[in-house]
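> Make a model of this:
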Amino acid sequence: MAVLHPFRAVRPAPSSAPEVACVPYDVINAREAREMARGRPLSFLHVIRPEIDLPDEVDEHDAAVYERGGENLRAFVEAPHTLREAEPSVYLYRLVMNGRAQTGIFGCVSVDDYDADVILKHEKTRLAKEDDRTRHILTQRAHAEPVMLTFRDSDVIADLMTACEAGESPLYDLTADDGVRHTVWRFPDPGPLVEAFAGIDRLYVADGHHRCKAASRAAAETAGEEVRFFPAVLFPMGMMHIMPYNRIVRRVPGGVTALLGALDERVGLDRDAPASPETAGTVSLYAEGTWFGFRLPESSRSGVTDHLDVGRLTEFVLEPLLGITDPRTDANIDFVGGIRGTRELETLVDAGAAEIAFSMAPTSIEQLVEVSDAGLLMPPKSTWFEPKLRSGLLVHTF
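Model (predicted):
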């Protein structure tokens, strides 16, 4: 059963929270982080992207970067604009994006649960990213950012969430630069929530596979009890919103015209199709200034993941027509998160950065759970979750 662990968060004073809170480390590159942090000395980007405080030529994996991250985290903990919670606590975290609210529980979860598959994964991690995150955790002696988990809806937990939102004043209520509103409450008594989660048999990683794995590795390398827990925001499945993860192909073997002809012969192409597929099982393809639509055939393969749209695209288009047998490693394919919209796909193709783009229907939360329950991994870049959590509001140290 799942462990929910209250923790003594280090957090900004409410007046400083808008200046501290920032996007997660993995949705921006170093150049974008430098630009976002310019003129914002309190931004938590100085902790999660410490390379921005070093010369541009310093590699992000240089030892100096990790050392600076440790220094910046310690300065954050000791700063006059932050405080440490007096008692171990659990929080309610609500995000509102485009009028849609998504509310979850912010607490710590257990490395032991992760290792024992009480917390289930759906994505393969890469060793280089594991190494990077593990080194940051060990140097900072902190899990600086939460992961995003989901669980099957529970009436008991839902009632506790509703009572907290109705009965408590928020610690934070801020609207970020992207228009997403972030509100955080503290539960007056974490005990009922801890008890309720003890009745949840499985949690599912939605976003943050590398941070989960890094937390496990850090716990194996460090003595102590608190290092065995790491922060997460846990959302009921009914709250989750998955956007598509789209694809671009840089160069088409044999040319775009030949590919369009082969696709038309195999599956039939609809010209002037909508840029976003209207139903699962359909794909929109952008090439030569036009959107084409087609329906994916049903897979004859037996695996659960083979029947996902991203799996069927690989089976019927990427492998036989484009020679892309492993989308995870092939440099000819790249991925564009759904938050960037289909206009981004058009821009990349029109600018010559790619020759074609595929606009996908989103994977459903039910499909993610089915794959995870089967002990399988999703094809690469199958899900894009929005809205994203803000970093720097509640930090776990050990």
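> In space, what's closest to residue 263 - neighbours in sequence excluded?
residue 269 (5.6 Å; CB to CB, 6 or more residues apart in numbering). Just so you know, the C-beta spots here come from the backbone N, C-alpha and C atoms, and that holds for glycine as well.
> Need the pLDDT of that neighbour.
pLDDT, residue 269: 96.
> What's the local residue count around it?
Counted with other CB atoms under 10 Å, the neighbours of residue 269 add up to 16.
> One more: residue 263?
Neighbour tally, residue 263, other CB under 10 Å: 19.
> now swap in residue 212 and tell me
24.
> cool, residue 139 as well?
By other CB under 10 Å, neighbour count at residue 139 equals 18.
> re the thing from before, wait, the residue nearest to residue 263 sits on residue 293?
Yes. Counting by CB atoms under 8 Å, residue 269 sits close enough to residue 293 to count as a contact (7.1 Å).
> could you measure the residue nearest to residue 263 against residue 140, distance?
Residue 269 sits 52 Å away from residue 140, going by CB to CB, to the nearest Å.
> quick one: pLDDT of residue 304?
pLDDT, read off for residue 304, is 85.
> The one 4 residues further on too?
According to the prediction, residue 308 has pLDDT 94.
> Might one say that it is in contact with residue 363?
Yes. Between residue 308 and residue 363 there is a contact under CB under 8 Å: 6.2 Å.
> shared neighbours of those two, which are they?
Taking CB atoms under 8 Å, 6 or more residues apart in numbering as the contact rule, residue 308 and residue 363 both touch 378, 382.
> sorry, back to before: in contact with the residue nearest to residue 263, which residues are there?
Going by CB under 8 Å, 6+ apart, the list of residues near residue 269 reads 260, 263, 285, 292-294.
> Which one of these is nearest to residue 229?
residue 285 (45.4 Å; CB to CB).
> Apart from its chain neighbours, what residue comes closest to the closest one?
Nearest one to residue 285, counting by CB to CB, 6+ apart, is residue 292 at 4.6 Å.
> hmm, who's touching the helix or strand harbouring the one you found?
Using DSSP states H and E, residue 292 falls within strand 290-295. With contact meaning CB under 8 Å, 6+ apart, strand 290-295 is reached by 260, 263, 267-275, 277, 281-286, 359.
> how about the following helix or strand past that strand as CSV, C-alpha atoms only?
Proceeding N to C from strand 290-295, the next assigned helix or strand is helix 309-313, under DSSP H and E. This file holds the C-alpha atoms of helix 309-313, laid out as CSV (Å, rounded to 0.1, in the frame of the first residue of the first chain):
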residue,chain,number,x,y,z
ASP,A,309,-1.5,5.5,-31.6
VAL,A,310,2.2,6.2,-31.2
GLY,A,311,2.9,2.4,-31.5
ARG,A,312,0.8,2.0,-34.6
LEU,A,313,2.4,5.1,-36.2
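> buried sites along helix 309-313?
309-313 (16 or more other CB atoms under 10 Å).
> tell me what it is packed against?
Packed against helix 309-313, as judged by 3 or more CB pairs under 8 Å, 6 or more residues apart in numbering; DSSP states H and E, are no other helices or strands.
> List of residues touching that helix?
245, 247, 280-281, 283, 296-299, 301, 303, 305-306, 358, 360-361, 363, 378-379, 381-382.
> Could you identify the buried members of those residues?
By 16+ other CB under 10 Å, the contacts of helix 309-313 give 245, 247, 283, 296, 299, 305, 358, 360-361, 363, 378-379, 381-382 as buried.
> Tabulate those residues (JSON lines), appending distance to residue 24.
Formatted as JSON lines, the buried ones among the contacts of helix 309-313 follow (distance: CB to CB, whole Å):
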{"residue": "245", "distance to residue 24": "16"}
{"residue": "247", "distance to residue 24": "22"}
{"residue": "283", "distance to residue 24": "29"}
{"residue": "296", "distance to residue 24": "32"}
{"residue": "299", "distance to residue 24": "33"}
{"residue": "305", "distance to residue 24": "26"}
{"residue": "358", "distance to residue 24": "26"}
{"residue": "360", "distance to residue 24": "23"}
{"residue": "361", "distance to residue 24": "25"}
{"residue": "363", "distance to residue 24": "20"}
{"residue": "378", "distance to residue 24": "20"}
{"residue": "379", "distance to residue 24": "22"}
{"residue": "381", "distance to residue 24": "16"}
{"residue": "382", "distance to residue 24": "19"}
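> related to what we said a few turns ago, mind putting the buried residues of helix 309-313 in JSON lines, distance to residue 2 included?
As requested, the buried residues of helix 309-313 are exported to JSON lines (distance: CB to CB, whole Å):
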{"residue": "309", "distance to residue 2": "30"}
{"residue": "310", "distance to residue 2": "28"}
{"residue": "311", "distance to residue 2": "29"}
{"residue": "312", "distance to residue 2": "33"}
{"residue": "313", "distance to residue 2": "34"}
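> top strand in the chain by residue count?
Counting residues, the longest strand found in the chain (DSSP state E) is strand 100-110.
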